[in-house]
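Student: no sequence on hand, only this structure:
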């Protein structure tokens, strides 16, 4: 029997129901990436059939964007290291295990931050990027979930094209 998706497994203990959907989406990303990338070689992960963006880029971008968006969620500016990672996201070479380890580490860190959010402060302003575009704590939290899922969807499509499970 197939396990239900995270949002169908019941409430999360000690998590406000307003924030639980973000954590459900991140858990779904974890599970989907682990299962769909199984069996893919490093060569396949960085291949670009028909010139499309590589699966490796999407995996590295998921890790990097989680880190960057969580930094903005905390009200901080990006570091030079984070900007360098952004500019290197398309550089091939990392294996599936290395890429997934980076994603899982960033998911852990992001989930810790989401769990610690004070729901009384969800409308508190935040800014994003060099242009300091306006948003809110809840806006960023939701964007973290939807942006991650967007790239997971692209990654799953690439996995299917590449013959992953």
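Tutor: Looks like it arrived, so ask away. These numbers come from a predicted model, not from an experiment.
Student: could you tell me the end-to-end distance of stretch 118-135?
Tutor: For stretch 118-135, the first-to-last residue distance is 17 Å (C-alpha to C-alpha, to the nearest Å).
Student: could you give the mean pLDDT of it?
Tutor: The pLDDT scores in stretch 118-135 average 96.
Student: residues of it that come out buried?
Tutor: 122, 126, 128, 135 (16 or more other C-beta atoms under 10 Å). Just so you know, the C-beta spots here come from the backbone N, C-alpha and C atoms, and that holds for glycine as well.
Student: who's the third one bridged to?
Tutor: Residues in a beta bridge with residue 128, per DSSP bridges, are residue 133.
Student: that one and residue 137 touch, don't they?
Tutor: No. In this structure residue 128 lies outside contact range of residue 137 using C-beta atoms under 8 Å: 11.9 Å.
Student: can I get the buried residues of stretch 118-135 in TSV with distance to residue 90 and secondary structure?
Tutor: Shown next, in TSV, are the buried residues of stretch 118-135 (distance: C-beta to C-beta, whole Å; DSSP: H, G, I helix; E, B strand; the rest coil):
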residue	distance to residue 90	secondary structure
122	34	coil
126	27	strand
128	22	strand
135	26	strand
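Student: and of the residues you listed, the nearest to residue 78?
Tutor: Distance to residue 78, by C-beta to C-beta, is smallest for residue 128 among the buried residues of stretch 118-135, at 9.9 Å.
Student: circling back: residue 67: which of the buried residues of stretch 118-135 is nearest?
Tutor: Nearest to residue 67 among those: residue 128, at 13.6 Å, using C-beta to C-beta.
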